[in-house]
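[1] just to be clear, the model below is a prediction. Sequence and coordinates:
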Amino acid sequence: MDKINEYLQIAIDKVVFFLPKIVLAGVILWIGFKVVKKIVQLLNLALEKSGFSETLRPFIGSTATVLLKGAVLFAIASVIGADLTGLFAILAAAGFAIGMALQGSLGNFASGILILSLKPYKIGDWIQLDDKFGRVEEIGIFSTDVLTPGNKILIIPNSMITESVVTNYSERGKIRLELIVTMPYDESFPKVKKIITDALLELPNVLKDPVPDIGIQTFDSHSIQLIVRPYVEPDNYWSVTFESNRAIKKAFNSHNVKVAYSEGVEMGAIGE
C-alpha cells in the first residue's frame, strides 16, 4: 500500500509539473498556427500584387508555411523542456548531406527562382539558347520546357539558362527574318528591290509596318548577295520564311530576273 501511495504521489507531482506546460504548449500551438495562417495569407496577397509568377507564389507560400510552423513546434518543444541540441546537430548534418547530394538540383532550383522572379521570358515566348530554338511551354522550378518547330519538347535545366545568353524573339512583339537572295551583276538593284518588296507585302503574315528591309550584303564572284529582312509575328516565323522564299522565286520568274548557279558538273584532270 505504501508503494502504491508513493507511485501515486509521483504521478500527481508529474501532472502538476507538466500540466501547465502542456496547457501553455497547446495555447502556443493554437495561436501560433493561426498567426502562421494569417502571415501566409498576407504574404500571398503581397506576392500577387507585386506581380510574382503564378508558378512561384504557391511554392513560396508552402515554404513559408513549413518554416513558420516548424518555428512554432520548436518553441513548443522549448516550453515543454525538451533538449534540442541533439536534434539541431542531426538536422545540420542531414542538411549538409542533402545539399552535397543535390548540388546540381539546388543550382537548377536557385536558377528557377531567378527566372520566375525576373521573368526574362514567359510561357508562349519564342526563345533561343545556343542552337536550341522554340516556344516556351512550361517554366518550372528546376527546368524549362521548350517546344521546337519540329514538335519536340526540350527540357532545359534552369541553371543552363541563367548561365547563357538567351534570345527572346517575342519580347518586342515582332521579329525580323534574315533571308539571303542573289541577283546578277547586270541587273538593276532598285528594280530587284521593288520586286522583292512587292512580293513580300502581298503575303498576309508579313507585317506592313515596318516595311521589309532590303540591301546589298556582299559581292560574290558570280552574283550580288542581298539581305532581305521582313518583319513577322513570332508565331509565324517558320511559315513566313518558307512563304517569303517561294514568293521571291515566283516574282523573279515573272519578271525574268536571273540568278547565278552552276548547271552541270565540271571535270578536272587527275595527275599521276
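    Structure's in. What do you need? Numbers count the residues shown, from 1 in each chain.
[2] what's in contact with stretch 115-133?
    52-53, 55-56, 134-139, 141, 144, 146, 148-149, 154, 156, 158, 160-162, 164-171, 175, 234-235, 237 (C-beta atoms under 8 Å, 6 or more residues apart in numbering). From N, CA and C alone the C-beta is placed, and that goes for glycine too.
[3] go again with 7 Å.
    Applying C-beta atoms under 7 Å, 6 or more residues apart in numbering, the contact partners of stretch 115-133 are 53, 55-56, 135-139, 146, 148, 154, 156, 158, 161-162, 164, 166-170, 234, 237.
[4] what does stretch 41-57 give?
    60-61, 64, 113, 116-117, 119, 139.
[5] residue 113: which element?
    In this assignment (DSSP states H and E), residue 113 forms part of helix 103-118.
[6] so which bits of that helix are buried?
    107-109, 111-113, 115-116 (16 or more other C-beta atoms under 10 Å).
[7] paired strands for whichever helix or strand comes after that helix, with orientation please.
    Heading C-terminal from helix 103-118, the first helix or strand you meet, by DSSP H and E, is strand 126-129. According to DSSP bridges, strand 126-129 has the following sheet partners: strand 132-139 (antiparallel), strand 166-168 (antiparallel).
[8] do I have it right that residue 134 meets residue 150?
    No - Residue 134 lies out of contact with residue 150 (C-beta atoms under 7 Å); the separation is 8.7 Å.
[9] before we move on, back to that, for the strands paired with strand 126-129, which one sits closest to residue 247?
    Among these, the nearest to residue 247 by C-beta to C-beta is strand 132-139 (23.3 Å).
[10] list the helices and strands the following helix or strand past that closest one packs on?
    Next along the chain after strand 132-139, taking DSSP H and E as the criterion, comes strand 143-147. Counting contacts by 3 or more C-beta pairs under 7 Å, 6 or more residues apart in numbering; DSSP states H and E, strand 143-147 packs against strand 132-139, strand 153-157, helix 158-162.
[11] any weak-confidence spans in the stretch 1-150 of the chain?
    Scanning the stretch 1-150 of the chain for pLDDT under 70 picks out 1-19, 52-56, 59, 81-105.
[12] so where do the helices sit in the chain?
    2-49, 56-80, 85-101, 103-118, 158-162, 189-201, 237-254 (DSSP state H).
[13] out of the strands paired with strand 126-129, deepest packed?
    strand 132-139 (a mean of 18; mean count of other C-beta atoms under 10 Å).
[14] next, count neighbours for the residue nearest to residue 208 when sequence neighbours are not counted.
    With sequence-adjacent residues excluded and distances taken as C-beta to C-beta, 6 or more residues apart in numbering, residue 208 is closest to residue 201, at 6.3 Å. By other C-beta atoms under 10 Å, 14 other residues sit near residue 201.
[15] isn't residue 201 up against residue 210?
    No - if you go by C-beta under 7 Å, residue 201 and residue 210 don't touch, sitting 11.5 Å apart.
[16] pull up the overlap in contacts between the two.
    By C-beta under 7 Å, 6+ apart, no residue touches both residue 201 and residue 210.
[17] could you dump the strands paired with strand 126-129 to a markdown table with distance to residue 181?
    Converted to a markdown table, those look like this (distance: least, C-beta to C-beta, whole Å):
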| stretch | distance to residue 181 |
| --- | --- |
| strand 132-139 | 22 |
| strand 166-168 | 24 |
